[in-house]
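Asker: Generate a structure from the sequence data that follows.
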Amino acid sequence: MLEYREISLGGIDEAICIRCTPRVQEEPTLSTAAENLDGLVAEGAPAGVLFTNADSTELDVLAALVRRAVRSDITRIGIRTSGRILRQEQDAMSLVSAGVRVAEVAFAGPDSSEHDALIGVPGSFDVAAGAIRAFSTAAKGLGVRAAIRSRIPVCAHNLHLIPATVMACAEMGVSSMLLVCEPSLDPRRSVEWISAACDTGTVNRVWVAVSGVSAEALGGLALHAQDVMALTEVS
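Answerer: Got it, this is the predicted structure:
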């Protein structure tokens, strides 16, 4: 399994529930991101990097960072986005051409009504869905293997929606999913919904991983605490 290291591009994470998680401006700048990348390479290039908050920067700047990672012999490069950086097929083509091979797109609900209300950004569901289509089309057009993963933030306000959200993402053709549970969630109350979400993924042949809930609390679902990408954050 590849080990991914996260490199933040700063800005604000838009893909979170506005009712329970405040949006906080992250401090890292693009120069800091480049320094973090160079620092990782100096230690020995990791198998993969994931540039987070990709929407906080310009397309050409992000593409330059990706090419820098490629030149450093990092074998797999991903971005975490609400979808805006990939909204146009030509933008997705530029990033795939630069070397992006994983797109992690956030979904807080199964449709535009639920997702947009939770995120607080009208039209955000359609942007995220369009990003998946654009990235998939770009990868196929360039003849490269790429993975699309949905990141599903789970809180008290959308817990009951996650099985349907998993189904919606599976129908969009994602490669895998990650349920990111808020620390405030009570495992005893959430495990039933998490189990239903994992079962939905299994039926649709898409792996659903769970973070934020211990393997012990997951019980028979402990295997789902294992992610397809091991992520270690770069501060």
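
Asker: Show which residues not belonging to stretch 169-178 make contact with it.
Answerer: Contacts of stretch 169-178 with the rest of the structure, by Cβ atoms under 8 Å, 6 or more residues apart in numbering, involve 104-105, 107, 129, 132-133, 136, 147-152, 166, 200-201, 204, 206-211, 227-228. Where you see a C-beta, it was placed from the backbone N, CA and C, and this is true even at glycine.

Asker: Restricted to helices, list the residues you listed.
Answerer: The subset of the contacts of stretch 169-178 located in helices under the criterion DSSP state H comprises 129, 132-133, 136, 166, 200-201.

Asker: which residues touch the spatially most central residue of the chain?
Answerer: Centroid check for the chain by Cα atoms, centre = their mean gives residue 104 as the closest residue, at 3.0 Å. Residues in contact with residue 104 (Cβ under 8 Å, 6+ apart) are 50, 78-81, 149-151, 178.

Asker: Please identify, among these, the one with the most neighbours.
Answerer: Neighbour tally across these (other Cβ atoms under 10 Å): the maximum, 28 neighbours, falls on residue 81.

Asker: just to revisit the earlier point, run through the bridge partners of the residue nearest to the centre of the chain.
Answerer: Beta-bridge pairing of residue 104 under DSSP bridges involves residue 80, residue 149.

Asker: gap between it and residue 215?
Answerer: As for residue 104, its distance to residue 215 is 22 Å (criterion: Cβ to Cβ, to the nearest Å).

Asker: just to revisit the earlier point, which among the contacts of stretch 169-178 count as buried?
Answerer: The neighbour count (16 or more other Cβ atoms under 10 Å) marks 104-105, 107, 129, 132, 136, 147-152, 166, 200-201, 206-210, 227 as buried among those.

Asker: sorry, back to before: nearest to residue 63, out of the contacts of residue 104: which one, please.
Answerer: Proximity of the contacts of residue 104 to residue 63 (Cβ to Cβ) peaks at residue 79, which lies at 10.4 Å.

Asker: Count the neighbours of the closest residue in space to that closest one that isn't next to it in sequence for me.
Answerer: Spatial nearest neighbour of residue 79, excluding adjacent residues (Cβ to Cβ, 6 or more residues apart in numbering): residue 54 at 4.1 Å. Using other Cβ under 10 Å, residue 54 has 27 neighbouring residues.

Asker: Helices of this protein, residue ranges please.
Answerer: Taking DSSP H to define them, one finds helices in the chain at 30-43, 59-71, 89-98, 112-119, 124-142, 162-172, 187-203, 215-218.

Asker: mean pLDDT lowest for which of those helices?
Answerer: Mean pLDDT values for the helices of the chain show the minimum at helix 215-218, a mean of 74.
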